[in-house]
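# build me a model:
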Amino acid sequence: MEVDGAGGEANGEAPPLGTCLSRYVDSGSSVSHRYYLSRRTAMEMLRDRGYSVPQSDLSLSLQDFRAIHGQSPDVERLRFSVTCRSDPSKRMLVIFCGTGAVKVSVVRSIASQIVNKDTLAGLILILQSQMTNQAQKALDLLPFKVEIFQITDLLVNITKHVLKPKHRILSEAEKQRLLKKHSIEEKQLPRMSRKDAIARYYGLEKGQVVKVTYNGDLTMSHITYRCVW
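Numbering: from 1, shown residues only. Here you go, the predicted model:
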């Protein structure tokens, strides 16, 4: 049976094809893409910790990021600082390190560039290589908390994964009410390691309690609590 219409099969022509897949392939550098993804995740992470992050930075597209930083971004220009919403006098600084090994000289250089150390709640270093033992020891001497992430840890925001349960950090008052309600001690709660990906994402400290809500097609809906150790 013949089919009428432009581009139809009646005249022997093949039907029109859809959009070529090549149009969806990123033609830019993988380096800039990695920096873009990790920087955005770091901003989302700090927003979820209670820091003020401009929506314009969170919604920045890859194209706009490359227009600002180019295909081979300068790590010095990628650093950023945000302030705590509940206490604007406190801020968090995020610094990207280069592709070489992070040595003690790099740590000393970073420390010398930080002004107003008293108002710094913490420093996040995003690495692309290994850190020497001496450099780690130098970080331990700094008067503020230092967190270290590999850039590969931040290419994806783990809290957005469809199979990841919802996590909410309890306040100290909520924690005490929970313990009193169930007549238990802190040590009786299920544990969460400080090295756990979620604990690291939220920057959790020992003794903090997380409410974990499971709600999906693959698991029964239920709530549990985990204490960071």
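
# contacts only, for Lys117.
Pro143, Phe144 (Cβ atoms under 8 Å, 6 or more residues apart in numbering). No exception for glycine: its C-beta is placed from N, CA and C like everyone else's.

# tell me the pLDDT at it?
As predicted, Lys117 sits at a pLDDT of 82.

# for the biggest helix by length in the chain, C-alpha coordinates in CSV please.
Longest among the helix segments of the chain by residue count, using DSSP state H, is helix 30-48. Extracted C-alpha coordinates of helix 30-48, given in CSV (Å, rounded to 0.1, in the frame of the first residue of the first chain):
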residue,chain,number,x,y,z
SER,A,30,37.0,17.1,29.2
VAL,A,31,39.2,19.1,31.6
SER,A,32,36.8,22.1,31.6
HIS,A,33,33.8,19.7,32.0
ARG,A,34,35.4,18.0,35.1
TYR,A,35,36.0,21.4,36.7
TYR,A,36,32.5,22.5,35.9
LEU,A,37,30.9,19.5,37.4
SER,A,38,33.1,19.3,40.5
ARG,A,39,32.7,23.1,41.2
ARG,A,40,28.9,22.9,40.9
THR,A,41,28.7,19.9,43.2
ALA,A,42,30.9,21.7,45.8
MET,A,43,28.5,24.7,45.6
GLU,A,44,25.5,22.4,46.1
MET,A,45,27.2,20.7,49.0
LEU,A,46,27.8,24.0,50.8
ARG,A,47,24.3,25.2,50.1
ASP,A,48,23.0,22.0,51.7
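
# and that helix, what's buried?
32-48 (16 or more other Cβ atoms under 10 Å).

# can you tell me what sits against the next helix or strand after that helix?
Using DSSP states H and E, the helix or strand that directly follows helix 30-48 along the chain is strand 51-52. For strand 51-52, the surrounding residues in contact (Cβ under 8 Å, 6+ apart) are Val82, Thr83, Cys84, Arg85, Pro88, Met92.

# domains in the protein, by residue range?
Annotated domains of the chain cover 30-156, 159-228 [automatic domain parsing].

# of those domains, flag the one that's most buried.
domain 30-156 (a mean of 15; mean count of other Cβ atoms under 10 Å).

# what mean pLDDT does stretch 66-83 get?
Rounded mean pLDDT across stretch 66-83 is 97.

# can you give me the end-to-end span of that stretch?
In stretch 66-83, first residue to last residue: 25 Å (Cα to Cα, to the nearest Å).

# run the chain-centre distance for it.
Mean-position distance between stretch 66-83 and its chain equals 16 Å (Cα atoms, centre = their mean, to the nearest Å).
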